[in-house]
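> Predicted model, plus sequence, below.
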Amino acid sequence: MTSDPADPPAARPHMPGYGVLPAGEGRGLLPWFWAERRLADSHEYWVGSVRPDGRPHLMPVWGVWLRGSLWFSSSVRSRKYRNLAARPACTVATDDAHQPVVLDGDAAAVTDPAGIAGFLAALNAKYATAYGPEFLDPAVNATLRVVPRSVFGLDDADFTGTPTRWTFRSG
């Protein structure tokens with residue numbers, strides 16, 4: 001499969017002890033569109049953050065893959081939001097353990113009305129809801145955008161021949 005020059009670079013991740021094949025063997029590196037399709041189609045996402053005492057915190061959310069980032073909302077009083085406000089680094093995983101996509105990045109609150117409106121329109125379309133702008137009042141429910149630093153994916157039908165990691169330039 002050919003890749004688009006605008007796609008993030010792909011490589012085989014270091015996975016000692018798993019028998020992972022070199023990048024040119026098995027099905028080879030997965031194309032970026034494979035990961036993007038799963039990021040867009042996932043119904044739930046699992047967001048991992050870190051509590052103030054260093055323990056992990058994992059919660060499911062509804063979200064959308066929009067403009068190259070994962071967007072979701074959270075009550076500003078929730079543990080998840082407070083964790084991410086203090087330590088933006090997080091991990092987000094799709095809901096399919098057989099063809100998982102795992103995104104490492106930094107979460108940031110979106111406060112501009114156009115960004116929030118775009119997220120809300122995409123959320124309503126994906127989940128067949130009719131949330132109004134008051135649902136995402138930044139004083140009550142934050143809109144969060146996770147910009148990827150790296151993304152990992154694999155297809156368990158070829159576990160040793162598909163693990164792929166895409167890396168993104170910062171900034």
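Received it, and whenever you're ready, just let me know what you need. Quantities reported herein were computed from a predicted structural model and do not represent experimental measurements.

> by contact count, what packs against the top strand by length along the chain?
Criterion DSSP state E: the longest strand present in the chain is strand 141-153. Packed against strand 141-153 by the contact rule (3 or more C-beta pairs under 8 Å, 6 or more residues apart in numbering; DSSP states H and E) you find helix 32-41, strand 69-75, helix 79-86, strand 101-110, helix 113-127, strand 164-167. To be clear about C-beta, it is placed using only N, CA and C from the backbone, and glycine gets the same treatment.

> Might you report the residue contacts of residue 59?
46-47, 79-80 (C-beta atoms under 8 Å, 6 or more residues apart in numbering).

> ok, now with 6 Å
Residues near residue 59 by C-beta atoms under 6 Å, 6 or more residues apart in numbering: 47, 80.

> which residues pair with residue 49 across the strands?
Beta bridges link residue 49 to residue 57, judged by DSSP bridges.

> got a pLDDT number for the residue in the chain sticking out farthest from the centre?
The C-alpha centroid of the chain is most remote from residue 25, which lies 26.9 Å away (C-alpha atoms, centre = their mean). Note for residue 25: predicted pLDDT of 92.

> Report the separation between it and residue 158.
10 Å (C-beta to C-beta, to the nearest Å).

> what's the answer for residue 127, then?
The value you get for residue 127 to residue 158, if C-beta to C-beta is used, is 32 Å.

> Tell me how far the residue nearest to residue 87 when sequence neighbours are not counted lies from residue 85.
In this structure, residue 87 finds its nearest non-sequential neighbour in residue 50, 5.2 Å apart by C-beta to C-beta, 6 or more residues apart in numbering. Residue 50 sits at a distance of 12 Å from residue 85 (criterion: C-beta to C-beta).

> what does residue 10 give?
Relative to residue 85, and taking C-beta to C-beta, residue 10 is found at 32 Å.

> Which residue of the two possesses the greater neighbour count?
Legend: neighbour count by other C-beta atoms under 10 Å for residue 10 and residue 85, higher for residue 10 (20 against 16).

> quick one: the residue lying closest to that one once chain neighbours are set aside and residue 151, what's the gap?
Of all residues not flanking residue 10 in the chain, residue 29 sits nearest, at 4.6 Å (C-beta to C-beta, 6+ apart). For residue 29, the distance to residue 151 (C-beta to C-beta) stands at 12 Å.
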